[in-house]
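1. Need the 3D shape of this:
(chains A and B)
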Amino acid sequence: ETGVTQTPRHLVMGMTNKKSLKCEQHLGHNAMYWYKQSAKKPLELMFVYNFKEQTENNSVPSRFSPECPNSSHLFLHLHTLQPEDSALYLCASSTQTSGGPYYNEQFFGPGTRLTVL
Amino acid sequence: TQLLEQSPQFLSIQEGENLTVYCNSSSVFSSLQWYRQEPGEGPVLLVTVVTGGEVKKLKRLTFQFGDARKDSSLHITAAQPGDTGLYLCAGAPGNQFYFGTGTSLTVIP
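-> Sure, this is the predicted structure:
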């Protein structure tokens, strides 16, 4: 138990569906992250939020839309996804990232296993 | 080409054996982190190395940061089945944060 929870744990959706992934952290952190983990590829950082403000968007397609209503909650809204978007989506949190070359320890949730048909 | 290359990609050993996994890059890092990810879970931080040449020990795990801060190694002594997992190095050479390609370790009882 890392203090970061993600729901749902598994999700199967069609390409025309709209769904949302939810992440909640109980650690009092101010930074939250979305990662994508695909088979045979490194973990890819998608979005970073610091104090509810998006500070990084690593060229993620617009069919992925993040939302951070407060420092404890993070959502990833999904629409018109492609089969290649099937992956494990991991949420993480940390104390405020320095925004420079050093990132503080990140605490990860268990992930949502997404399958796009 | 990945920014952080890890080798080997897969490793299967018997309980009690020693092993070393590597994390290499052509970029210089101000720090590197090592994480372990077990099946069905997210990665968990093991250690952060900051200074070139630094060696850190965590029980049977020894981490070393290269003198030039471009590479790192993880040595496990007397591996146990509980060491099974995906080992990931990670760092930020600039303002972007990257994970390595990972080494999947299986320790057979």
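
2. CA atoms for contacts and neighbours, from now on please.
-> Noted.

3. Please work out how many residues are found near residue 2.
-> You didn't say which chain, so I picked chain A. 15 (other C-alpha atoms under 10 Å in any protein chain shown).

4. wrong chain, I was asking about chain B
-> 13.

5. Next: residue A:48.
-> Counted with other C-alpha under 10 Å, residues neighbouring residue A:48 total 23.

6. For residue 48, report the pLDDT, please.
-> This is for chain A. On pLDDT, residue A:48 comes in at 90.

7. my question was about chain B
-> On the pLDDT scale, residue B:48 gets 91.

8. Could I get the contacting residues of it?
-> The contact partners of residue B:48, by C-alpha atoms under 8 Å, 6 or more residues apart in numbering or on different chains, come to B:31, B:32, B:33, B:34.

9. got it, and residue A:86?
-> A:38, A:113, A:114, A:115, A:116.

10. pLDDT at it, what is it?
-> On the pLDDT scale, residue A:86 gets 96.

11. now swap in residue B:1 and tell me
-> For residue B:1, pLDDT reads 60.

12. Residue A:30 touches residue A:93, doesn't it?
-> Yes: the criterion here is C-alpha atoms under 8 Å, and residue A:30 meets it with residue A:93 at 7.4 Å.

13. more neighbours, those two?
-> Just comparing residue A:30 and residue A:93: by other C-alpha under 10 Å the higher neighbour count belongs to residue A:93, 33 against 19.

14. looking at this, residue B:82 is in a strand?
-> No: Residue B:82 is assigned helix when assessed by DSSP: H, G, I helix; E, B strand; the rest coil, not a strand.

15. Near it, how many other residues are there?
-> Neighbour number of residue B:82 under other C-alpha under 10 Å is 12.

16. In which helix or strand does the residue nearest to it when sequence neighbours are not counted reside?
-> Counting by C-alpha to C-alpha, 6 or more residues apart in numbering or on different chains, residue B:82 lies nearest to residue B:107, which is 7.7 Å off, once chain neighbours are set aside. Using DSSP states H and E, the element containing residue B:107 is strand B:103-108.

17. Extract the CA atoms of that strand and return them as PDB.
-> Output of strand B:103-108 as PDB, limited to C-alpha atoms (Å, rounded to 0.1, in the frame of the first residue of the first chain):
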ATOM      1  CA  THR B 103      15.600  -5.500 -16.500                       C
ATOM      2  CA  SER B 104      13.200  -8.300 -15.700                       C
ATOM      3  CA  LEU B 105      14.700 -10.500 -13.000                       C
ATOM      4  CA  THR B 106      13.400 -13.900 -12.000                       C
ATOM      5  CA  VAL B 107      15.000 -15.700  -9.100                       C
ATOM      6  CA  ILE B 108      14.200 -19.400  -9.100                       C
END
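
18. for the record, mean pLDDT for it?
-> Strand B:103-108 comes out at a mean pLDDT of 97.

19. roughly how far is that strand from the heart of the chain?
-> Here strand B:103-108 is found 13 Å from its chain centre; the criterion is C-alpha atoms, centre = their mean, to the nearest Å.

20. Pull the contacting residues for the residue most central in space within chain A.
-> In chain A, the residue lying closest to the centroid (C-alpha atoms, centre = their mean) is residue A:34, at 2.3 Å. For residue A:34, the contact set (C-alpha under 8 Å, 6+ apart) comprises A:45, A:46, A:47, A:48, A:76, A:89, A:90, A:91, A:92.

21. Among these, which one has the most neighbours?
-> Neighbour-wise, the contacts of residue A:34 (other C-alpha under 10 Å) top out at residue A:91, 32 neighbours.

22. returning to what we had before: can you tell me the element the residue nearest to the centre of chain A falls in?
-> Short version, using DSSP H and E: residue A:34 is in strand A:31-37.
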